[in-house]
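Trainee: Structure for the following, please:
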Amino acid sequence: MTKAVFLDRDGVINNGDLYYTYKKEDFFFNDDIFESLNLLNNNNFILIIITNQGGIAKGKYSKQDVDLLHQYMIDELSKKNIKISEVYYCPHHDSVENCICRKPNSGNIEKAIARFDIDIQKSFLIGDGDRDIEAGKNAGLTCFKINKNESILTICKSIINY
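Mentor: Take a look at the predicted model:
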């Protein structure tokens, strides 16, 4: 079985000060993120990003905008030898439509667990919001909540020694 760390995007990977981030010029990597994710990859954790993108349902931006931003993010991380196994995003919003993939629901996490044969006892979630933590707990993961845009390096060091 596989060990994984699930990561929220905005506020964990991206220094997300905008409510909607969908353009690469508005995407800024948080402090220590490259070192943190390399540490996890080098200790045999796969990395999976789980993000709500309700702006799609609200018509603020398109799926193509999100896909382009995610490809940019993956490419930039790859330049630092960081492998992201998958990015799962929920395009829905409660004000428009309900779904099982929008955090705090755990549909996208459960999809990844099944697809990658993830051992939930050896896997973790890092998020900056209550919705992130609730979704991770709903899926049976050990969760770490950070302040928005806080370095995750200390948490990653504790994960590899867990």
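Trainee: okay, CA-based contacts and neighbour counts for the rest of this
Mentor: Noted.
Trainee: Quick check: the nearest residue to L39 once chain neighbours are set aside vs L77, distance?
Mentor: Leaving aside its chain neighbours, L39 sits nearest to C156 (7.1 Å; criterion: CA to CA, 6 or more residues apart in numbering). Distance of C156 to L77, given as CA to CA, to the nearest Å: 16 Å.
Trainee: all helices of this structure, in order?
Mentor: 33-42, 63-78, 107-116, 130-138, 153-160 (DSSP state H).
Trainee: which of the ones you listed sits most buried?
Mentor: helix 130-138 (a mean of 20; mean count of other CA atoms under 10 Å).
Trainee: what angle do that helix and helix 107-116 make?
Mentor: Between the axes of helix 130-138 and helix 107-116, defined by axes from the mean of the first three to the mean of the last three CA atoms, to 10 degrees, the angle is 40 degrees.
Trainee: average pLDDT across helix 130-138?
Mentor: For helix 130-138, mean pLDDT is 98.
Trainee: Can you give the contact residues for it?
Mentor: 8, 103-106, 109, 124-127, 142-145 (CA atoms under 8 Å, 6 or more residues apart in numbering).
Trainee: Next, format those as a markdown table and append pLDDT and distance to G59.
Mentor: Formatted as a markdown table, those follow (pLDDT from 0 to 100; distance: CA to CA, whole Å):
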| residue | pLDDT | distance to G59 |
| --- | --- | --- |
| D8 | 98 | 22 |
| K103 | 96 | 19 |
| P104 | 96 | 21 |
| N105 | 95 | 22 |
| S106 | 97 | 24 |
| I109 | 98 | 25 |
| F124 | 98 | 32 |
| L125 | 98 | 29 |
| I126 | 98 | 28 |
| G127 | 98 | 25 |
| T142 | 98 | 34 |
| C143 | 98 | 31 |
| F144 | 98 | 32 |
| K145 | 98 | 29 |
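Trainee: Name the member of these with the most neighbours.
Mentor: Of all these, the highest neighbour tally under other CA atoms under 10 Å goes to G127, namely 28 neighbours.
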